[in-house]
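# build me a model:
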Amino acid sequence: MDDLEMSKGYKNRTRSFSDSGWIGTDESGKGDYFGPLVIGGVYVDAKTKNVLWNLKVKDSKRTSDNVIKELDFQIRSVCVYSVVVIGPEKYNLLYNKLKNLNKLLAWGHARVIENILLRVDCKRAISDQFGSELYIKNALLKLGKKIELTQTPRAEANLGVAAASVLARAEFLRRMERLSTECGFELPKGASDLADSAARRIVEKMGKDALNRFVKLHFKNTGRVTQ
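Have a look, this model is predicted:
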C-alpha cells in the first residue's frame with residue numbers, strides 16, 4: 001500500500017470518529033521474544049486530531065525508530081494518553097495464568113481505556129481486531145462497560161490507533177534498551193535465529209532461570225535455546 005492509499009485509509013477510518021472524541025489503542029512487542037508487551041491508548045478530539053494530522057502520525061510499523069521517539073514526545077505533550085507495560089516477568093506470570101495471548105492483550109487494552117476514562121468523558125473506542133470481540137469487552141470495568149467499542153482489522157488506519165501504536169512502540173524501544181544494558185549486549189527484536197543466539201548468551205552468562213527476566217517464555221525460541 002503506497003502513501004496515498006494509506007492517507008485515504010486514515011481519512012476514511014477517522015472520519016466516522018471525528019464528530020466527537022474517541023480513544024484509539026494498539027500494542028507493541030507481541031511478536032518479539034525479548035522485551036515487554038506494551039499497550040498504548042490515546043484520546044483524540046477535534047483539537048488534537050488536527051495536531052496529529054499535522055505531525056503526520058501513522059502506524060508505527062511504517063515509521064522509523066528515530067521518528068517514533070520524536071513523535072512519542074509530541075503526542076504525549078498534546079494528548080490524554082495511557083501506556084501499560086507488561087514486562088517479561090509479569091507477562092510470563094499472566095500468560096501461565098490465562099494460557100491465552102488474546103486474553104492477555106485484551107486485559108492490557110482494557111486497562112488503557114479505563115485509565116483514559118478516568119481523565120476524560122468519552123463514548124467511543126477503537127482497537128485492532130484480535131480473537132473474539134468479547135475479549136476486550138469482558139475485560140473492561142465499570143467505566144469501560146459504558147463505552148462503544150469498535151474492533152476492526154487494520155485499525156492502525158485510524159488516527160487514534162496510529163498515535164497509540166507510536167506510544168506503545170516508543171516505550172517498547174526504551175524498555176529494550178534497558179534490558180540490553182542489563183544483560184550487557186544489544187538484544188534483537190523479533191523472534192528469529194538472532195533471538196535464539198542472544199538467549200543462549202544469556203543462559204551461558206546468567207543461567208536458564210535468568211531468561212524469565214528478558215523473554216516471553218512461551219515462544220518456541222525457549223525450547224530451541226534450552227533443549
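
# bridging residues for the residue nearest the centre of the chain?
Nearest to the mean C-alpha position of the chain, by CA atoms, centre = their mean, lies E27 at 1.6 Å. Judged by DSSP bridges, the bridge partners of E27 are I39.

# surely it meets L37?
Yes: applying CB atoms under 8 Å, one finds E27 in contact with L37, separated by 6.4 Å. For glycine as for every other residue, the C-beta is placed from the backbone atoms N, C-alpha and C.

# which neighbours do these two have in common?
Residues touching both E27 and L37 (CB atoms under 8 Å, 6 or more residues apart in numbering): L105, G108.

# doesn't S192 make contact with F219?
No: using CB under 8 Å, F219 is not in contact with S192, being 11.2 Å away.

# quick one, which of these two is more surrounded?
F219 (17 against 11; other CB atoms under 10 Å).

# the nearest residue to that one once chain neighbours are set aside and A164: what is the separation?
The shortest distance from F219 to any non-neighbouring residue, by CB to CB, 6 or more residues apart in numbering, is to Y33 (4.9 Å). Between Y33 and A164 the distance is 23 Å, computed by CB to CB, to the nearest Å.

# these two - which one has more neighbours?
Neighbour totals were compared for Y33 and A164, and A164 leads with 37 against 27 (other CB under 10 Å).

# residues touching the more buried one, list them.
By CB under 8 Å, 6+ apart, the neighbours of A164 are G24, T25, D26, G40, G41, V42, Y81, V112.

# is it located within a helix, as I assumed?
Yes: assessed with DSSP: H, G, I helix; E, B strand; the rest coil, A164 lies in a helix.
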